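K.L.:
missing the sequence, but the structure's below:
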């Protein structure tokens, strides 16, 4: 941002807070600079909330091993300072899927990753991702992918989806 002549007030993972609003021309300048780096410019309030929901879920599943201290709806409400029904309706309206389905899709991608690494048993994966049982994990995996975890392990050439495509 500084190379483009802007003085950010604050920079947090994925967010830049500027002192003044950008003009359309300045937004295009920023967009042109960040897109080759794999970033996108999100400048409307609803899109920022959606991105925050996705980031909280991705962080929970892929970095914190999905151990919720509370349920997902309470966690999202607390983290984003909005009522869960508002977040849920907004997410469904914009993304065409529910927060819960997005959460499950992220968990299944993490299961795929752990199966491919072949370092943990299915029981250990279920525990790590906070599933109540191996059977529940297996059923959910089959419902989402059409394959059992064992069959998936056998045909590892199935490519995992990038997180932003889940």
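P.N.:
Thanks, I have it. Keep in mind it's a predicted model, so treat the numbers as computed, not measured.

K.L.:
name the strands paired with the one helix or strand in the chain whose mean pLDDT sits lowest and say parallel or antiparallel.
P.N.:
For the chain, scoring each helix and strand by mean pLDDT, DSSP states H and E identifies strand 15-18 as the least confident one, at a mean of 76. Sheet partners assigned to strand 15-18 using DSSP bridges are listed as strand 8-12 (antiparallel).

K.L.:
same question for the partner strand: list its buried residues.
P.N.:
Of the residues in strand 8-12, none count as buried by neighbour count, 16 or more other C-beta atoms under 10 Å. C-beta: built from backbone N, CA, C; applies to glycine.

K.L.:
what does the average pLDDT come to for it?
P.N.:
Over the span of strand 8-12, the pLDDT mean works out to 78.

K.L.:
ok, and what's touching that strand?
P.N.:
Residues from elsewhere that reach strand 8-12 (C-beta atoms under 8 Å, 6 or more residues apart in numbering): 1, 2, 16, 17, 18, 19.

K.L.:
does the first one touch residue 17 like I think?
P.N.:
No. Using C-beta atoms under 8 Å, residue 1 makes no contact with residue 17, being 10.3 Å away.

K.L.:
please say which of those two ends up with more neighbours.
P.N.:
residue 1 (13 against 9; other C-beta atoms under 10 Å).

K.L.:
ok, and the closest non-adjacent residue to the more buried one?
P.N.:
The spatially closest residue to residue 1, leaving aside those adjacent along the chain, is residue 8, at 4.9 Å (C-beta to C-beta, 6 or more residues apart in numbering).

K.L.:
got the buried residues for the least confident helix or strand of the chain?
P.N.:
Buried, per 16+ other C-beta under 10 Å, within strand 15-18: nothing.

K.L.:
next secondary structure element downstream of that strand?
P.N.:
From strand 15-18 onward toward the C-terminus, using DSSP states H and E, the following helix or strand is helix 24-34.

K.L.:
helices of this structure, residue ranges please.
P.N.:
24-34, 45-62, 72-80, 84-95, 99-117, 122-128, 134-145, 149-154 (DSSP state H).

K.L.:
please consider this matter closed, and thank you.
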